[in-house]
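> let me see the structure of the following:
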Amino acid sequence: MSESCASYIPLNINAKLNEWGKQLGFAAVGISSVDLSQAELRLLHWLAKNYHGTMDWMERHGTKRSRPADLVGGTLSIISVRMNYLPPEGADPMMVLNHPELGYISRYALGRDYHKVLRQRLEQFAQHLQNEWGKFNYRVFTDSAPVLEKPIAVKAGLGWMGKHTNILSRDAGSWFFLGEIYTDLPLAETGALSEHCGACTACIEVCPTKAIIAPYQLDARLCISYLTIEHKGSIPVALRPLMGNRIYGCDDCQLICPWNRFAQYSPEADFAVRHALDQAHLLALLEWSENEFLNRFQGSAIRRIGYISWRRNIAVALGNAPASPSVVYALQNALAKTDNTLLAEHLAWALQRQQAKRH
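Okay, the predicted model is just below:
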């Protein structure tokens, strides 16, 4: 970063940031320092245990993730924001999970890609701050670079780290996105909040694959969100039956959390449900051609996993569905038409599961 020339920062900066942030759709705004040394130790321990699985990029960036000034030179402070994403209209998540012929998609992915929405708002926010304070140097992030967004949000007072490793707020639960503005302004840290998980272990107990191996410790290799989104290879056979009908992400630890009784619905039209994905039938989804997949998921976070991973996930869900001649026929048809080895393996597994249930 080059030298900034911000001339005026108000004494009541926290109140002003929240006021201006809310005008742009942010539910809360806070400030974090760049000292993430404790989070760095936890990150290095997590990586040493190989809990990141095939997410090699988690290790590749080294300590840039935990040392903000190494990622963006001159960074002195971080403005952290949260934006609610729970769509007000949509099928009851528990209803979908209890109907195995439907495909469950994590609530955050039912609408427009949050990366685009938050990045645009963060840019607008930074421009507004420059109009108010004078020019300064900055860079915005939203799950788009090696950034420790959760520890940053905690230090900024946006919530505390829950035992499921998501950020929790007493007045908003956990259904929100995080974003950051790295800046060379010397701003005072907001201050962390006290934790309020208490003795509750509901999120640990409900996890279908037992990926939350201990409070505040997640083994991504077992996590359904990792398996269905980040992992590009074969899903371990032992984990497939535990995935149920979850075809993109998993919300179980959030659905069970008592603090989500206070979650706020999102007013953002961009996060509204698209293409009836909140309760789509698995067989209908399996019929999509690659062009249909690309067209329907234009501007969606789901598009990034690619057509093969999408069908792989659906195949696993159909293998877990109740025995049905129509499911068997659909799997046989898909298997006969694919020339992809990875997809064929999962379709064959699902077909075998279906046939075993009929005997």
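> for the stretch 51-200 of the chain, which segments are assigned as helices?
Ranges of helices within the stretch 51-200 of the chain are 57-60, 68-71, 93-97, 114-133, 149-155, based on DSSP state H, counting those that start in this stretch.
> which helices and strands does the third one pack with?
Put plainly, it is helix 93-97. The criterion is 3 or more CB pairs under 8 Å, 6 or more residues apart in numbering; DSSP states H and E, and the helices and strands that helix 93-97 contacts are strand 104-105, helix 252-255. For every residue, glycine as well, the C-beta is placed using N, CA and C.
> looking at those, which is buried most?
When these are scored by mean count of other CB atoms under 10 Å, the highest mean neighbour count falls to strand 104-105 (a mean of 28).
> what about that strand, distance to the chain center?
The gap between the average C-alpha position of strand 104-105 and the chain average comes to 13 Å, counting by CA atoms, centre = their mean, to the nearest Å.
> pull up the pairing partners for it, direction included.
According to DSSP bridges, strand 104-105 has the following sheet partners: strand 246-248 (parallel).
> quick one: closest of the helices of the stretch 51-200 of the chain to residue 240.
Closest of those to residue 240 is helix 93-97, at 16.4 Å (criterion: CB to CB).
> what comes up buried for the closest one?
Buried residues in helix 93-97, defined by neighbour count with 16 or more other CB atoms under 10 Å: 93, 96, 97.
> contacting residues around it?
Residues outside helix 93-97 that contact it (CB atoms under 8 Å, 6 or more residues apart in numbering): 102, 103, 104, 107, 244, 245, 246, 251, 252, 255, 278, 279.
> circling back to that earlier point, looking at the helices and strands packed on helix 93-97, which is nearest to residue 171?
Each of those has some distance to residue 171 by CB to CB; the shortest is helix 252-255, at 15.7 Å.
> tell me which residues are up against the helix or strand following that closest one.
Toward the C-terminal end, the helix or strand that comes next after helix 252-255 (DSSP states H and E) is helix 282-286. Surrounding helix 282-286, the residues in contact under the criterion CB under 8 Å, 6+ apart are 101-103, 245, 247, 311, 314-315, 317-318, 321, 326-327, 330, 334.
> just the ones of these in helices?
311, 314, 315, 317, 318, 326, 327, 330, 334 (DSSP state H).
> emit the ChimeraX select command for whichever of the contacts of helix 282-286 are buried.
One line in ChimeraX is enough to select the buried members of the contacts of helix 282-286, burial here meaning 16+ other CB under 10 Å:
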select :101,102,103,245,247,311,314,315,317,318,321,327,330,334
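> which residues touch residue 350?
315, 316, 318, 319, 331.
> quick revisit: out of the contacts of helix 282-286, which is nearest to residue 44?
Of the contacts of helix 282-286, the one sitting nearest to residue 44 (CB to CB) turns out to be residue 247, at 33.0 Å.
> run through the strands of this protein in chain order.
For the chain, the strands defined by DSSP state E cover 28-32, 77-84, 104-105, 138-141, 160-161, 167-168, 176-183, 212-214, 217-218, 246-248.
> contacts for the fifth one next, please.
So the one you mean is strand 160-161. Contacts with strand 160-161, where a contact means CB under 8 Å, 6+ apart, come from 150, 151, 154, 167, 168, 192, 193, 194, 195, 196, 197, 216.
> among these, which two are most distant?
If you compare every pair in the contacts of strand 160-161 using CB to CB, the most distant one turns out to be 151 and 196, at 17.7 Å.
> of these two, who's got more company?
residue 151 (22 against 14; other CB atoms under 10 Å).
> how near is the closest residue to residue 257 other than its chain neighbours to residue 221?
Closest residue in space to residue 257, ignoring its immediate chain neighbours: residue 203 at 5.9 Å, by CB to CB, 6 or more residues apart in numbering. Summarising the geometry, the distance separating residue 203 from residue 221, computed by CB to CB, to the nearest Å, is 18 Å.
> more crowded one of these two?
Between residue 203 and residue 221, counted using other CB under 10 Å, residue 203 has the larger neighbour count: 24 against 19.
> surely the more buried one meets residue 211?
No. With the criterion set as CB atoms under 8 Å, residue 203 and residue 211 do not qualify as a contacting pair; they are 10.3 Å apart.
> need the strands of the chain in TSV (columns: distance to residue 20 and mean pLDDT).
Formatted as TSV, the strands of the chain follow (distance: least, CB to CB, whole Å; pLDDT from 0 to 100):
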stretch	distance to residue 20	mean pLDDT
strand 28-32	8	97
strand 77-84	11	98
strand 104-105	33	98
strand 138-141	14	97
strand 160-161	24	98
strand 167-168	22	98
strand 176-183	12	98
strand 212-214	36	97
strand 217-218	34	98
strand 246-248	34	98
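> looking at the ones you listed, which is closest to residue 302?
With CB to CB as the measure, strand 246-248 is the member of the strands of the chain nearest residue 302 (5.7 Å).
> I'm done for today, thanks for sticking with me.
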